[in-house]
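Colleague: Let's see this in three dimensions:
(chains A, B, C and D)
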2 protein chains.
Amino acid sequence: MNIMTVIQAGELLRDAGLKRTPQRAAVLDYLARAGTHPTADEVFAAVNRRLPRASRATVYNALRALREAGLIQEVRFDAAVARYEVNLMPHHHFICRVCGGFEDVAAADVQPRVRLKDGYQVEGCELTVRGVCATCGERGQPRRARQRV
Amino acid sequence: MNIMTVIQAGELLRDAGLKRTPQRAAVLDYLARAGTHPTADEVFAAVNRRLPRASRATVYNALRALREAGLIQEVRFDAAVARYEVNLMPHHHFICRVCGGFEDVAAADVQPRVRLKDGYQVEGCELTVRGVCATCGERGQPRRARQRV
DNA sequence: TTATCTGCAAACGCTTTGCATCGGA
DNA sequence: TCCGATGCAAAGCGTTTGCAGATAA
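Modeller: The predicted model follows:
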């Protein structure tokens, strides 16, 4: 899913027991269209463009509410800053050692077989794959580090 | 490895091109003995117990130097706070949904098969397994959340 | 001897919170 | 109407940095 209509956003919010405010809808809509892993500040910038009176605190509050409702996911990769993405199909992440860029990896492309001690129940797993992306592999060193998305 | 002698710590530091200071040795020694995933603050508390004049800044500096030297590893799991562990055998992590505790999972118990797009080189991967640990599974709900280690 | 590290304090960046007001249901 | 969300500002927390003095090599 790459497009989330305003109506869909409203339904998702209502189903999650959250009020449908323009700010929350804007956050959800932006994340759904982004296709990247925006930071809270990037979400704020986008939301603020559409709703100039929207504040950082509101965006942070909205991100938390959406996360707790299970509508979006928080990823941290290496850094302290949180990044967000809508909950679509289960997937994993690839981080390029050279340019630092992030990419999604479809869960279908990964088959982790996990054996834990007796009594441990596995409910899911997240894989972070590290390596070098095709672009960086071609030219050896990137002219400049790719923007982390 | 669960024991790191002061001599070993000194060798590791020297091999990494770092000066062997009592503070750094204390950080390394504590992490090697810990068997958990201490936060910077927990490392500071432990180091400060042995070296009462050691400061937080020094511990943070030491943790960064050791990380950049590849002697220790930083893990973040979900949270903003960084946690540290010595670089031993490659391994993954298990996080209990109920008590929030972390545990190591030997890499041998995981066989991730990753297929990426052409040109992508995989250098390694970190798996975070989520579920319920044996203790929490037995008693349904924990009396109190286990300390995250 | 000298580059490096320590310790202190202050700054920094990201995130949360208190509170009065506003607005969706 | 009324509970919950917004917006502002200020605080909180983990971490980094500047700098003078100390120290390992």
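Colleague: drop to CA atoms for contacts and neighbour counts, all remaining ones
Modeller: Fine.
Colleague: Return the distance of A:Tyr60 relative to A:Ala46.
Modeller: To A:Ala46, A:Tyr60 is 13 Å away according to C-alpha to C-alpha, to the nearest Å.
Colleague: Would you indicate which residues of stretch A:82-89 are buried?
Modeller: Buried residues in stretch A:82-89, counted by 16 or more other C-alpha atoms under 10 Å in any protein chain shown: A:Ala82, A:Arg83, A:Tyr84, A:Glu85, A:Val86.
Colleague: Ramachandran coordinates for the first one?
Modeller: In other words, A:Ala82. Backbone torsions of A:Ala82, given as degrees, to the nearest 10, read phi -80, psi 150.
Colleague: Pull the contacting residues for it.
Modeller: The neighbours of A:Ala82, taking C-alpha atoms under 8 Å, 6 or more residues apart in numbering or on different chains as the test, are A:Thr39, A:Ala40, A:Glu74, A:Val75, A:Arg76, B:Ala80.
Colleague: Give me the domain ranges for chain A.
Modeller: What automatic domain parsing lists as the domains of chain A is A:6-83, A:89-139.
Colleague: I'd like those as TSV, with distance to B:Arg130 and mean pLDDT appended.
Modeller: Converted to TSV, these look like this (distance: least, C-alpha to C-alpha, whole Å; pLDDT from 0 to 100):
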stretch	distance to B:Arg130	mean pLDDT
domain A:6-83	15	93
domain A:89-139	5	85
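Colleague: could the ones you listed be laid out in CSV, adding distance to B:Val122?
Modeller: Formatted as CSV, those follow (distance: least, C-alpha to C-alpha, whole Å):
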stretch, distance to B:Val122
domain A:6-83, 16
domain A:89-139, 4
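Colleague: So for chain A, the centremost residue is which one?
Modeller: For chain A, the residue sitting closest to the mean C-alpha position, by C-alpha atoms, centre = their mean, is A:Glu85 at 2.0 Å.
Colleague: name the helices or strands packed onto the strand or helix carrying that residue?
Modeller: Using DSSP states H and E, A:Glu85 sits in strand A:83-86. Other helices and strands packing on strand A:83-86, by 3 or more C-alpha pairs under 8 Å, 6 or more residues apart in numbering or on different chains; DSSP states H and E, are helix A:22-34, strand A:72-75.
Colleague: For the last one, C-alpha coordinates in PDB please.
Modeller: The C-alpha atoms that make up strand A:72-75 are tabulated as PDB, following Å, rounded to 0.1, in the frame of the first residue of the first chain:
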ATOM      1  CA  ILE A  72       2.900   2.600  12.900                       C
ATOM      2  CA  GLN A  73       6.200   1.200  13.900                       C
ATOM      3  CA  GLU A  74       9.200   2.800  15.400                       C
ATOM      4  CA  VAL A  75      12.700   1.700  14.200                       C
END
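Colleague: which stretches of chain A form strands?
Modeller: Taking DSSP state E, the strands of chain A run over residues A:72-75, A:83-86, A:91-96, A:102-106, A:121-132.
Colleague: Compare those strands and report which one is nearest to A:Glu138.
Modeller: strand A:121-132 (9.6 Å; C-alpha to C-alpha).
Colleague: Is the closest one in proximity to chain B?
Modeller: Yes: against chain B, strand A:121-132 shows contacts by C-alpha under 8 Å from any C-alpha of the partner chain at A:Gln121, A:Val122, A:Glu123, A:Gly124, A:Cys125, A:Glu126, A:Leu127, A:Thr128, A:Val129, A:Arg130, A:Gly131, A:Val132.
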